[in-house]
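Undergrad: Sequence first, then the predicted structure, then my questions.
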Amino acid sequence: MADKYERMLELLAQTDDWMTASELADQLGVTTRSVRNYVAAAKTAAHPLPILAASTAGYRLNRDAYASFVDRGRARGEAAQTPNERVHHLVRRLTESDAGIDIHALADTLFVSESTLEGDLRKVKAIADEAGARLERAGSSVRLSGTEGSRRRLLSRLLQAESSRGVIDLESVEAEFDLAGLGEFKAELMQALEADGFFVNEYGIDAVLLHIAIAVDRARRDQHLSEARVHTDPQHAPLVAVLRGLIAGHYAVDLASADLEYLARLLVTRVVAPGNRAAETPAIDAADQATVERIVDSVLEEYSVDFRDDAFMARLAIHLGNLVTRSRENARSRNPLTRSIKSSYPLIFDIAVFIASIVQRERSITVDDDEISYIALHLGSHLERVSRREQRVSCAIVCPSYYDLHQILRKKVEAELGDQVSVEYVVTRSDVDPRDLSSEIVITTVPSMVARDGVVVVQPFLTDDDIDAVRAAASRARRARRRAGIADELLEFFDAELFFAEPPGDTPESIIRGLGRALVDAGAADEQYVEGALERERMSSTAFTESLAVPHAMGLSAARTAIAVALCPSPVAWGDARVSVVAFIAFSAEGRARFQPLFDRFVGVFAARRDVASLVRDSPDFDAFIAQLAHLIEEG
């Protein structure tokens with residue numbers, strides 16, 4: 001029961017909205033009656049903390065009370081009650097004792113049966129195996145065997161697995177290892193790194209802080225990394241100096257050189273990148289550079305997206321080298337943005353999956369979803385810089401000639417709003433009709449009674465309010481540009497023959513094969529593309545949101561771009577989600593540029609559970625589906 005209600009609490013922790021018993025039942029794969037039982041069990045376990053709020057809208061987490069409940073469960077010395085708490089307790093005991101622990105005595109201490117504790121030990125064994133450690137049994141005694149490094153990885157994996165949405169709670173780390181002021185330590189560390197000319201990836205720094213806390217805790221127990229297992233890199237010297245000073249100053253602990261070198265290596269592979277003022281820019285490995293060049297060529301061929309940019313390729317090569325190092329050292333780098341990147345930028349994420357498949361094949365490593373998301377961040381930031389110019393709104397400036405007033409206004413507009421608008425021309429007459437101007441918006445100093453969308457009247461000397469008004473007008477113009485012709489765009493890629501009001505199967509593979517047959521029969525794809533989609537699914541789940549799965553093959557090898565859709569009135573288990581809609585996409589090179597923005601908006605519809613529920617409920621046939629989908633996209 002505890003496993004189930006903990007999973008329910010995790011689901012509620014992922015949203016600030018209410019969730020009905022039916023929605024929770026769908027996500028957990030149980031009945032609404034079971035959900036009510038889990039709610040009762042959770043309330044009993046947390047008493048007197050009111051961790052759950054209930055109303056006619058469903059259930060919602062009281063976050064302050066829930067945080068206190070979690071802290072209470074993690075408190076040192078308190079008997080562990082839930083399976084997760086017992087696993088946590090076992091790992092801490094095993095890593096702190098070289099002699100091992102007695103199962104009989106521990107079962108009595110925790111007030112559980114020995115068979116229950118044996119089940120908990122199996123979970124510990126799975127985590128330990130991943131960390132490179134192992135459990136050894138001798139009668140009723142069990143001990144942890146492995147290097148000091150494997151023990152630290154085990155502690156790190158345990159605490160990161162317990163973190164919410166991949167975000168490490170520094171207060172929990174402080175409590176776990178009796179370290180005060182970790183937030184201040186973090187601020188000083190980042191300040192020191194930036195002063196040395198490094199760019200800092202704050203998404204990864206909390207994971208390194210966790211390793212620092214573990215290193216300090218182990219050093220207090222006189223447990224250090226072996227000097228023989230950690231090789232000194234002269235390029236790490238500035239980072240080692242920073243870490244030594246901060247750790248000694250904050251926690252009065254002098255770490256061994258191997259400990260400091262290991263932490264510096266973690267910073268290099270997870271957190272810092274050379275900036276403009278870095279003392280030494282690390283040389284790019286020739287093999288990494290060659291791999292990136294092949295990746296860029298393959299992405300251009302398969303997706304018609306051009307990443308041939310020297311600065312981007314250099315950054316990606318450095319990231320690739322660090323990624324390979326993390327994988328070979330079995331050191332995961334959690335990314336709290338993984339879920340949102342996957343749901344908000346599905347095509348960028350898919351290109352990242354394609355890149356990860358090349359890296360896996362060439363380097364014989366495994367690249368998980370967290371690492372794929374970091375690749376997607378690299379891709380997205382580059383594409384954002386490139387596309388910013390393309391997304392600018394065309395504008396005309398109307399400013400009657402008076403000395404060089406019109407020139408001053410244009411320079412001010414371009415300086416303040418150059419990322420939003422592209423000035424096509426300047427009109428210096430006062431009698432111009434805004435309706436005769438073809439630009440998307442008109443910035444004018446002349447008040448006009450003529451009605452036309454996109455006209456912004458400003459002062460000759462642009463004020464802050466004027467700038468805000470132009471930004472708002474540009475935003476409306478972009479929205480209008482995106483929404484134009486939505487239904488026509490949908491019909492270009494959706495077809496009545498490819499619409500299923502019920503799924504053609506009950507598992508991801510059977511549904512993919514059923515939708516794939518429809519795509520093959522429609523001439524949009526072939527059997528090889530369907531097999532490619534199954535291979536892609538095994539690489540990383542295509543459940544881009546909690547409600548939508550988008551199976552597809554990597555690359556643009558279909559005969560034409562088309563989408564086969566299946567509605568699932570009863571959600572289907574898909575990876576770690578339960579989806580209500582499956583959209584099998586056949587990607588072709590032709591029309592990719594037109595399809596991408598539509599597809600991003602299509603996926604965006606599935607971020608809101610109630611919109612998904614109405615789409616599935618109110619779409620008995622293809623025409624109703626298109627009408628409802630177009631409405632939801634437009635409203636979004």
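TA: Perfect, thanks for sending it.
Undergrad: Residue 429 sits in which helix or strand?
TA: Residue 429 belongs to no helix or strand when assigned by DSSP states H and E.
Undergrad: quick one: contacts for the closest residue to it other than its chain neighbours?
TA: With sequence-adjacent residues excluded and distances taken as CB to CB, 6 or more residues apart in numbering, residue 429 is closest to residue 400, at 6.6 Å. (Glycine included, C-beta is placed from N, CA and C.) Under the criterion of CB atoms under 8 Å, 6 or more residues apart in numbering, the neighbours of residue 400 are 406, 428, 429, 430, 445, 446.
Undergrad: Out of these, the closest to residue 624 would be?
TA: Residue 624 lies nearest to residue 446 out of the contacts of residue 400, by CB to CB, at 48.3 Å.
Undergrad: Not counting its neighbours along the chain, what's nearest residue 441?
TA: residue 454 (3.9 Å).
Undergrad: And residue 307, by the same measure?
TA: Per CB to CB, 6+ apart, closest to residue 307 is residue 296, 4.8 Å.
Undergrad: List phi and psi for the residue nearest to residue 441.
TA: Note on residue 454: backbone dihedrals following degrees, to the nearest 10 are phi 90, psi 10.
Undergrad: and it, how many residues sit next to it?
TA: Neighbourhood size, residue 454 [other CB atoms under 10 Å]: 20.
Undergrad: Would you mind giving me the confidence score for it?
TA: For residue 454, the pLDDT comes out at 87.
Undergrad: With residue 357 instead?
TA: 94.
Undergrad: tell me what the stretch of helix or strand it belongs to is packed against?
TA: Counting by DSSP H and E, the element that carries residue 357 is helix 346-363. In terms of contacts (3 or more CB pairs under 8 Å, 6 or more residues apart in numbering; DSSP states H and E), helix 346-363 is packed against helix 286-303, helix 310-328, helix 338-344, helix 369-390, helix 527-539, helix 592-604.
Undergrad: So for that helix, what gets flagged as buried?
TA: Taking 16 or more other CB atoms under 10 Å as the neighbour-count basis, helix 346-363 is seen to contain the buried residues 346-359, 363.
Undergrad: Just the C-alphas of that helix, formatted as PDB.
TA: As requested, the backbone C-alpha atoms of helix 346-363 are provided in PDB (Å, rounded to 0.1, in the frame of the first residue of the first chain):
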ATOM      1  CA  PRO A 346       9.300  17.600 -29.300                       C
ATOM      2  CA  LEU A 347      11.200  17.900 -32.600                       C
ATOM      3  CA  ILE A 348      14.200  19.400 -31.000                       C
ATOM      4  CA  PHE A 349      14.100  16.600 -28.500                       C
ATOM      5  CA  ASP A 350      13.800  14.100 -31.300                       C
ATOM      6  CA  ILE A 351      16.900  15.500 -33.000                       C
ATOM      7  CA  ALA A 352      18.700  15.200 -29.700                       C
ATOM      8  CA  VAL A 353      17.600  11.500 -29.600                       C
ATOM      9  CA  PHE A 354      19.000  11.000 -33.100                       C
ATOM     10  CA  ILE A 355      22.300  12.600 -32.000                       C
ATOM     11  CA  ALA A 356      22.400  10.500 -28.800                       C
ATOM     12  CA  SER A 357      21.900   7.300 -31.000                       C
ATOM     13  CA  ILE A 358      25.100   8.300 -33.000                       C
ATOM     14  CA  VAL A 359      27.100   8.900 -29.800                       C
ATOM     15  CA  GLN A 360      25.900   5.600 -28.300                       C
ATOM     16  CA  ARG A 361      26.900   3.700 -31.400                       C
ATOM     17  CA  GLU A 362      30.300   5.300 -31.900                       C
ATOM     18  CA  ARG A 363      31.300   5.400 -28.200                       C
END
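Undergrad: Just the angle for it relative to helix 310-328, thanks.
TA: Relative orientation of helix 346-363 versus helix 310-328 (axes from the mean of the first three to the mean of the last three CA atoms, to 10 degrees): 60 degrees.
Undergrad: which residues are in contact with helix 346-363?
TA: 291, 294-295, 298-299, 302-303, 305, 320, 323-324, 327, 341-342, 365-367, 371-373, 375-376, 379-380, 383, 536, 539-540, 544, 550, 552, 554-555, 596, 599-600, 603.
Undergrad: so how far is stretch 212-221 from its chain's centroid?
TA: Stretch 212-221 has its C-alpha centroid displaced from the chain centroid by 30 Å (CA atoms, centre = their mean, to the nearest Å).
Undergrad: I'd like the average pLDDT over that stretch.
TA: Stretch 212-221 comes out at a mean pLDDT of 92.
Undergrad: buried ones in it?
TA: For stretch 212-221, using 16+ other CB under 10 Å, the buried residues are 212, 213, 214, 215, 216, 217, 218, 219.
Undergrad: ok, the residue nearest to residue 307 to residue 577 distance?
TA: 32 Å (CB to CB, to the nearest Å).
Undergrad: Repeat that for residue 18.
TA: With distances taken as CB to CB, residue 18 is found 19 Å from residue 577.
Undergrad: Of the contacts of helix 346-363, keep whichever come out buried.
TA: With burial judged by 16+ other CB under 10 Å, the buried subset of those is 291, 295, 298-299, 302-303, 305, 320, 323-324, 327, 341-342, 365, 367, 371-373, 375-376, 379-380, 383, 536, 539-540, 544, 550, 552, 554-555, 599, 603.
Undergrad: quick check, nearest of the buried residues of stretch 212-221 to residue 109?
TA: residue 217 (22.3 Å).
Undergrad: Which strand or helix spans the closest one?
TA: helix 202-220.
Undergrad: Against which helices or strands is the helix or strand just after that helix packed?
TA: Using DSSP H and E, the helix or strand that follows helix 202-220 in sequence is helix 237-251. Judged by 3+ CB pairs under 8 Å, 6+ apart, helix 237-251 is in contact with helix 182-195, helix 202-220, helix 257-270.
Undergrad: what about dumping the CA coordinates of the first one to CSV?
TA: Taking only C-alpha atoms (Å, rounded to 0.1, in the frame of the first residue of the first chain), the coordinates of helix 182-195 have been written out as CSV:
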residue,chain,number,x,y,z
LEU,A,182,25.0,25.0,1.9
GLY,A,183,23.0,27.8,0.1
GLU,A,184,25.7,30.3,1.1
PHE,A,185,28.4,27.9,0.0
LYS,A,186,26.7,27.5,-3.4
ALA,A,187,26.5,31.3,-3.9
GLU,A,188,30.2,31.7,-3.1
LEU,A,189,31.2,28.8,-5.3
MET,A,190,29.3,30.2,-8.3
GLN,A,191,30.8,33.7,-7.6
ALA,A,192,34.3,32.3,-7.5
LEU,A,193,33.8,30.3,-10.7
GLU,A,194,32.4,33.2,-12.6
ALA,A,195,35.3,35.4,-11.3
